[in-house]
Structures are given as structure tokens and as C-alpha cells.
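# mind folding the following:
(one chain, ligands or ions: 2)
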Amino acid sequence: MAEKTLRTPRADAGRQPSAAESSTAVGLDAVQVRFRTKKKDVTALRDVSLGVASGEFVAIVGPSGCGKSTLLKLVAGLLRPSSGAVRLHGEDVTAPRPDIGYVFQRAALLEWRTVRRNILLQAEMRKMSADHARTRAAELIEMTGLTGFEDAYPHELSGGMQQRVALCRALLHEPPVLLMDEPFGALDALTREQMNVELNRIWRETGTTVLLVTHSISEAAYLAGRVAVMSARPGTVTEVIDVGLPPERDYTDTMSRPEFRRATARIRTLLGAASAAD
Ligand SMILES: Nc1ncnc2c1ncn2[C@@H]1O[C@H](COP(=O)(O)OP(=O)(O)O)[C@@H](O)[C@H]1O
Ligand SMILES: [Mg+2]
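Numbering: from 1, shown residues only. Ligands and ions are numbered 1, 2, ... in the order given. All right, here's what the predicted structure looks like:
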């Protein structure tokens with residue numbers, strides 16, 4: 001697919017800013033989450049602190065049930081912490097936030113709507129101006145290689161294409177923060193690689209801050225500037241690994257780089273051989 005710049009990219013898009021010079025997009029400070037039900041009392045997260053700079057790409061890995069989805073829901077304002085603070089651009093998150101995009105493992109498209117109208121659903125929910133939304137949707141369709149499929153229905157698309165539609169929908173309102181919860185977990189290995197390459201490019205072009213939850217160690221190390229490794233429940237961030245690679249990453253070249261190997265080996269060690277899912 002030809003690389004196209006559809007919007008003027010921010011001069012600093014894709015660059016990893018140092019903590020001192022940039023604003024913090026997402027901040028979690030000593031966060032604890034407890035779920036109390038009639039039968040049990042589950043501590044999902046304990047003492048989680050993490051700062052993500054504006055424009056940064058951070059991946060989150062950890063065993064099943066360690067609280068990764070819970071962490072994203074806190075940032076989106078869909079859940080409140082039992083204690084500690086969650087901030088978005090320095091503001092306490094107290095309600096669902098309109099200024100984020102969310103992509104899940106399942107594309108969750110409406111079967112009776114075309115690609116374009118699935119993407120425009122975001123505009124309808126947010127009452128965006130119709131003209132602006134259509135222009136932006138057209139840009140995103142081109143950026144994600146969906147040109148020619150605007151009028152197709154979800155059942156006519158491959159799994160990878162459906163996830164591209166979900167990504168377009170999540171990016172329509174140009175959210176400064178994109179949350180992704182195992183977005184490529186249901187795709188075959190080759191499609192997943194292609195989606196990784198596209199996501200790296202889209203991130204660099206848009207300058208969006210990304211928090212990606214993934215089970216794939218190589219996906220985390222290929223895409224992220226930093227990888228937060230979590231422990232088993234009650235989950236906490238055990239270590240944040242600096243991958244140490246430039247933002248623009250050729251897939252094959254990256255896989256053979258010593259920085260990539262060092263990062264994946266460290267993640268694997270932290271997760272423990274038994275739970276390494278790659
Ligand atoms: N709404 C809820 N009520 C009770 N327990 C929950 C709720 N949501 C998540 N949990 C529990 O919290 C823990 C963390 O869940 P989750 O964040 O979904 O983990 P992960 O995404 O890392 O697999 C799990 O033990 C899960 O069962
Ligand atoms: Mg989850």
C-alpha cells in the first residue's frame with residue numbers, strides 16, 4: 001500500500017518525547033480497583049502507577065485476568081478506581097471521556113450498515129458536523145487501505161478489514177488518546193503482521209497517544225516505545241521496558257535488531273516461560 005500523508009502530520013509525530021519536555025497524556029497514580037460482588041471481593045489492580053506522554057505508544061502485557069482491560073476502562077472513564085487517581089491530560093477522569101478512541105478484539109460492526117456508515121456511526125453518536133465527518137471518514141478509509149470497500153457490508157470483509165473499519169471508527173473524531181484492547185487477537189498471523197505495520201504508520205502520521213493491550217510479546221516490542229509488564233492478579237506494573245528503537249520500524253529489520261531481541265527476552269523473563277504467549 002502506498003504511504004500517503006492525508007493530514008499535515010505533526011512535526012513531532014511519532015517522536016518519543018522525554019517525560020520532562022512533554023505533557024502527560026495519561027496518568028495513573030497508585031491506582032487500586034476492587035470489585036465487590038455478593039459472592040466475592042476481587043482486587044483487580046493494586047498500586048498501579050504509569051505515566052504516558054503525549055504522542056507516546058505504550059503496550060501493556062500481562063497474564064490473563066491481571067487487570068489490563070480494567071486499566072483501559074479506567075482511562076476511558078468507564079470505571080472509577082477504588083483508590084488512587086486517573087488523569088487524562090492532567091484532568092481527573094470522573095466520567096466517560098469523549099476524547100478517546102477505543103478498539104476491541106471484536107470489531108463489533110453493525111451488519112446492516114456499510115463500511116462508510118459503520119465509520120460514521122461515531123459522528124452520529126457525537127453529533128459531529130456531517131460534512132467534516134464524511135471528509136475525515138474518506139481520509140481514514142484511504143489511510144487504512146479500505147478504498148473501494150466503502151459500500152461493502154461487514155460480512156463481505158475479511159477479519160483484518162473489519163478491524164480496519166473499527167480503527168477508522170475509533171479515529172473519526174481525532175481522539176488524542178487511542179485505547180486498544182487486544183485488537184488483533186482474532187486475526188491470523190500474517191494479517192496481524194500487516195496490521196502491526198499499518199498501525200505503526202498510522203500512529204506516526206496522526207501523533208495519537210496509544211495504549212495497546214496485547215498478548216503478543218513481539219507485537220508489543222515492535223509497536224511500542226515502552227512496554228509495561230504486569231504481574232498476575234492483583235495486577236500491578238512490574239517493570240516498564242524501554243524498547244529503544246526509532247518510531248519508524250521496518251518489520252523484518254526490527255525483528256533482527258538487538259534492541260528488539262533484548263526487549264522481547266526481558267518481557268518473556270518477566271512474564272515467566274509458562275505464561276509467555278508468543
Ligand atoms: N465488573 C467486574 N466485576 C467483578 N469482577 C471483575 C469485573 N471486571 C473484571 N473483573 C475481574 O477483575 C480481574 C481483571 O479483569 P480484566 O481487567 O478483564 O483482566 P485482563 O483484561 O487482564 O484479562 C479478573 O479477575 C476479572 O474476573
Ligand atoms: Mg482483557
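# what about P258, how many neighbours?
P258: 9 surrounding residues under other C-beta atoms under 10 Å. C-beta here means a position set from N, CA and C on the backbone, and glycine is covered the same way.
# check Q32 too.
By other C-beta under 10 Å, neighbour count at Q32 equals 16.
# and it, what is it in contact with?
Counting by C-beta atoms under 8 Å, 6 or more residues apart in numbering, Q32 touches T43, L45, R46, D47, V48, P81, S82, S83, G84.
# buried ones from those, can you make that a PyMOL selection?
With 16 or more other C-beta atoms under 10 Å as the criterion, this PyMOL line picks the buried residues out of the contacts of Q32:
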select buried, resi 45+46+48+81+84
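# of the contacts of Q32, which belong to strands?
Secondary structure assignment by DSSP state E places T43, L45, R46, D47, V48, S83, G84 of these in strands.
# distance of the last one relative to V213?
Right, G84. Going from G84 to V213 by C-beta to C-beta, to the nearest Å gives 19 Å.
# kindly report the same for the first one.
Computed as C-beta to C-beta, the T43 to V213 distance reads 19 Å.
# right, and A44 touches R34 too?
Yes. Here A44 reaches R34: they are 7.1 Å apart, a contact under C-beta atoms under 8 Å.
# neighbour count for those two, which is higher?
Counted by other C-beta under 10 Å, A44 and R34 do not tie: A44 has more neighbours, with 23 against 14.
# retrieve the pLDDT associated with the more buried one.
We have a pLDDT of 96 for A44.
# hmm, back to that, okay, the ones in strands among the contacts of Q32 in CSV with distance to ligand 1 next?
As requested, the ones in strands among the contacts of Q32 are exported to CSV (distance: C-beta to the nearest ligand atom, whole Å):
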residue, distance to ligand 1
T43, 8
L45, 8
R46, 11
D47, 15
V48, 11
S83, 16
G84, 16
